[in-house]
Structures are given as C-alpha cells and as structure tokens.
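Undergrad: can you look at this prediction? I've put the sequence above it.
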Amino acid sequence: MSQDGLRKTTRLRRLIEQPGMVVMPGVYDPLTAKLVEQAGFDAAQCTGAGISAVYLGRPDYSMLAMSDMVAATRLIAEAVDIPVMGDGDTGFGNAVNTWYAVQAFERAGAAGVNIEDQVMPKRCGHLDGKEVIPLAEGVAKIRAAADARIDKDFVINARTDALATHGIEEVIRRGNAYLGAGASMIFVEGASSLDIIAAAVKGIAGPVGVNIVQGGKSAALDLADLERLGVARVSLPGIAMQAAMKAVADVLATVKSTGSVLGVADRMYGFRDLHNLVGMGKVGELEERYLAPLKATLLEAAE
C-alpha cells in the first residue's frame with residue numbers, strides 16, 4: 001500500500017488512464033529507482049536491457065531467467081513508494097510461462113509488467129534483426145497474463161515490435177487484439193516519427209505507450225509532442241544507465257590520465273547525499289530509539 005492509501009497498481013493504472021501523459025524513467029537497481037522518485041517522477045519502468053547489462057554485463061538477449069528478473073524487480077519495487085513496472089520480456093516462454101511470470105511479478109511488488117511479442121530470444125527493440133511471433137500466439141500470451149492477475153488493477157502492458165517487421169497497420173491490428181485479450185495498454189516499440197505515433201494513437205482503441213531511447217530509433221522525439229498527440233505513457237529506458245555510464249567513464253578517464261582524484265568531486269554524487277539517499281538517517285533514528293536506551297541501561301547496570 002502506498003502512502004496515499006492506494007495500491008501501487010491502482011495508482012499506475014490511474015496514471016495511464018487519466019488525461020495527460022505519465023513519464024517513466026528506466027531503472028535497473030534500487031539506487032536509480034530512488035533517484036527517479038527523488039526527482040519527482042510519479043512512476044518508474046524496470047529496464048530489462050539495463051538489468052541485464054548491470055547484473056550480467058550482457059546484452060538484452062533473453063539471458064536473464066524469469067527468477068532473476070523478478071528478484072531484481074522486487075528489490076527495486078521495495079526501495080520506493082512510487083509504482084514500478086516490471087519487464088517481463090516475452091513472458092519467458094509460451095502462454096503458460098507468461099501466466100506464471102505475471103503472478104511472480106505481482107507477488108514481487110511490481111505495479112504492472114511489459115509482455116512483448118518478439119520471438120525468443122528477444123533483442124533490444126531499437127536494434128535491427130527482430131522477429132515477432134504469430135498474432136494468435138501473442139493474443140494467447142496476453143490473455144494468460146490478464147487471467148493470471150490477482151489484483152485486476154495490475155497493469156498488463158502489451159508491447160508489440162511489429163512496426164519494424166510488418167508496419168503500422170499490423171501494429172494497430174495487434175494492439176486492438178491485445179486489448180481484446182485483456183491488456184491494459186499497448187506499447188508500440190521502436191516508433192521513430194510523430195506521424196507513426198499519431199496513427200497508432202488514432203487506430204488503437206485504448207491507452208498507447210511509446211519510449212524514447214537516446215541513440216535509438218526514437219532519439220528525436222520530444223515529450224511535449226508525444227503528450228500533444230495523446231500518448232498515455234512514455235518510458236525512458238536508457239536515460240539513467242546511459243547517464244551513469246557516461247559520468248563514470250569520464251571520471252575514471254580523468255583519474256587515469258591525470259593520476260589524481262583532485263578536481264573530480266564536483267562531477268560525483270555527494271558522499272553524504274549518497275548515504276542520505278540509501279536511508280542512513282533512518283538508521284540513526286533507530287539507533288537513537290533502541291540502542292541509546294540500551295547503552296544507558298547497560299552503563300547503569302555496570303555501576
């Protein structure tokens with residue numbers, strides 16, 4: 001239950017269904033989730049590519065098992081009060097696997113989950129070489145995902161990668177079929193232009209989400225334009241990881257080239273800020289509440 005008394009699932013569903021657009025930066029660990037929450041965003045999206053990169057140092061190619069992705073999502077969801085959407089990849093198999101995956105993500109505290117229609121092993125949606133499963137198989141997965149929910153507000157974000165392989169008409173066909181199977185929202189992956197997105201929003205009879213990937217097919221898109229077109233949700237899957245990797249690489253290169261750590265502090269997150277971010281202040285409060293009286297009691301007993 002969130003601080004406002006609403007379940008996180010309900011909060012996320014309302015954010016998607018209400019007028020306007022919800023922006024969900026991608027997170028890959030509890031720290032990035034805390035930073036997203038601290039920055040004032042209303043929700044966050046687990047990035048499968050980011051989690052695979054951080055946990056394995058490997059590409060987004062179905063290398064993480066369902067249990068690994070669920071475990072990572074649980075830690076992220078527990079770290080923040082805002083709703084977190086999990087990344088269920090392809091459902092980790094067929095419709096039966098998808099059923100079990102949705103229940104696992106829901107138990108882990110996610111407020112929703114992405115389920116995509118790529119052939120397994122999948123790849124990052126902004127890379128070439130993708131393939132999608134037949135529509136009937138995709139519908140079966142989404143129906144299984146919707147049926148598996150215990151909380152009916154748990155968001156099923158049906159992602160289609162058909163734009164790259166079949167074009168916008170197939171995206172619309174699949175989107176409406178997935179909505180009919182119980183999806184909460186349709187995620188159009190790899191959209192590269194406002195015209196394509198406008199067609200998707202117009203043709204799909206439900207909330208439409210897209211993403212913006214710096215360096216990917218959607219790099220030129222702008223948030224204000226997407227909201228104007230009626231996009232319900234946009235994720236920024238790589239923004240935190242790419243920013244972090246750039247900052248780390250730059251600082252390390254400076255230290256290596258100069259042979260000194262002097263002069264890099266202003267390019268780093270503050271030492272005390274980091275401890276505050278992870279809750280060291282709360283530890284101090286608990287120490288004062290429980291350990292200080294204990295120390296006083298032990299001192300009195302020793303006198």
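TA: Alright, I've got the coordinates. As the structure is a computational prediction, the values presented were derived from the model and not from experiment.
Undergrad: per-residue pLDDT, Val102?
TA: For Val102, the model assigns a pLDDT of 98.
Undergrad: does Ala158 sit in a helix, a strand or a coil?
TA: State at Ala158, reduced to three classes by DSSP: H, G, I helix; E, B strand; the rest coil: strand.
Undergrad: show me what contacts it?
TA: Shown in contact with Ala158 (CB atoms under 8 Å, 6 or more residues apart in numbering): 115-117, 138, 142, 145, 175, 178-179, 181, 183-187. (C-beta placed from N, C-alpha, C; glycine too.)
Undergrad: what's across from it in the sheet?
TA: Applying DSSP bridges to Ala158 gives these bridge partners: Ile115, Ile186.
Undergrad: how much space separates it from Arg143?
TA: 10 Å (CB to CB, to the nearest Å).
Undergrad: name the residues contacting each of the two.
TA: Common neighbours of Ala158 and Arg143 (criterion: CB under 8 Å, 6+ apart): Ala181.
Undergrad: assign a three-state SS to Ala71, would you?
TA: Taken by three-state DSSP, the conformation at Ala71 corresponds to helix.
Undergrad: excluding chain neighbours, what is closest to it?
TA: Ala108 (7.7 Å; CB to CB, 6 or more residues apart in numbering).
Undergrad: tally up the residues packed near the one you found, please.
TA: Look at Ala108: counted by other CB atoms under 10 Å, it has 20 neighbours.
Undergrad: so what strands line up beside the helix or strand encompassing Val210?
TA: Element membership for Val210, per DSSP states H and E: strand 208-211. Using DSSP bridges, strand 208-211 pairs in its sheet with strand 185-188 (parallel), strand 233-236 (parallel).
Undergrad: what sits up against that strand?
TA: 16, 125, 157, 175, 185-189, 191, 197, 200-201, 218, 221, 226, 230-237.
Undergrad: what's the ChimeraX line that selects buried ones from those?
TA: The buried residues among the contacts of strand 208-211 can be selected in ChimeraX (16 or more other CB atoms under 10 Å) with this line:
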select :16,125,157,175,185,186,187,188,189,191,197,200,201,218,221,226,230,231,232,233,234,235,236,237
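Undergrad: now stretch 107-127 - C-alpha only, CSV.
TA: C-alpha atoms of stretch 107-127 as CSV (Å, rounded to 0.1, in the frame of the first residue of the first chain):
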residue,chain,number,x,y,z
ARG,A,107,4.0,-11.0,-5.8
ALA,A,108,7.3,-9.2,-6.1
GLY,A,109,5.5,-5.8,-5.7
ALA,A,110,5.5,-4.6,-9.3
ALA,A,111,2.5,-2.5,-10.3
GLY,A,112,2.5,-3.9,-13.8
VAL,A,113,4.6,-5.7,-16.4
ASN,A,114,5.6,-5.5,-20.0
ILE,A,115,4.9,-8.6,-22.2
GLU,A,116,6.2,-8.4,-25.7
ASP,A,117,5.5,-10.3,-28.9
GLN,A,118,9.1,-10.8,-30.1
VAL,A,119,10.4,-14.3,-30.9
MET,A,120,12.6,-15.6,-28.0
PRO,A,121,15.5,-14.9,-27.6
LYS,A,122,14.4,-11.2,-28.0
ARG,A,123,16.7,-8.2,-28.5
CYS,A,124,16.6,-4.5,-27.7
GLY,A,125,13.6,-3.1,-29.6
HIS,A,126,15.7,-0.4,-31.1
LEU,A,127,18.1,-2.8,-32.8
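Undergrad: avg pLDDT for it?
TA: 95.
Undergrad: rewinding a little: ok, which of the strands paired with strand 208-211 comes nearest Met66?
TA: Across the strands paired with strand 208-211, Met66 has its closest neighbour in strand 185-188 (19.3 Å, CB to CB).
Undergrad: could you point out which element follows that closest one?
TA: For strand 185-188, the following helix or strand on the C-terminal side (DSSP H and E) is helix 194-203.
Undergrad: for the record, mean pLDDT for the strand or helix carrying Met85?
TA: Counting by DSSP H and E, the element that carries Met85 is strand 84-87. When pLDDT is averaged along strand 84-87, the result is 98.
Undergrad: pairing partners for that strand, with directions?
TA: Here, using DSSP bridges, strand 84-87 pairs with strand 44-46 (parallel), strand 112-116 (parallel).
Undergrad: got these as TSV, with distance to Leu274 and mean neighbour count columns?
TA: Shown next, in TSV, are the strands paired with strand 84-87 (distance: least, CB to CB, whole Å; neighbours: other CB atoms under 10 Å):
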stretch	distance to Leu274	mean neighbour count
strand 44-46	19	30
strand 112-116	29	28
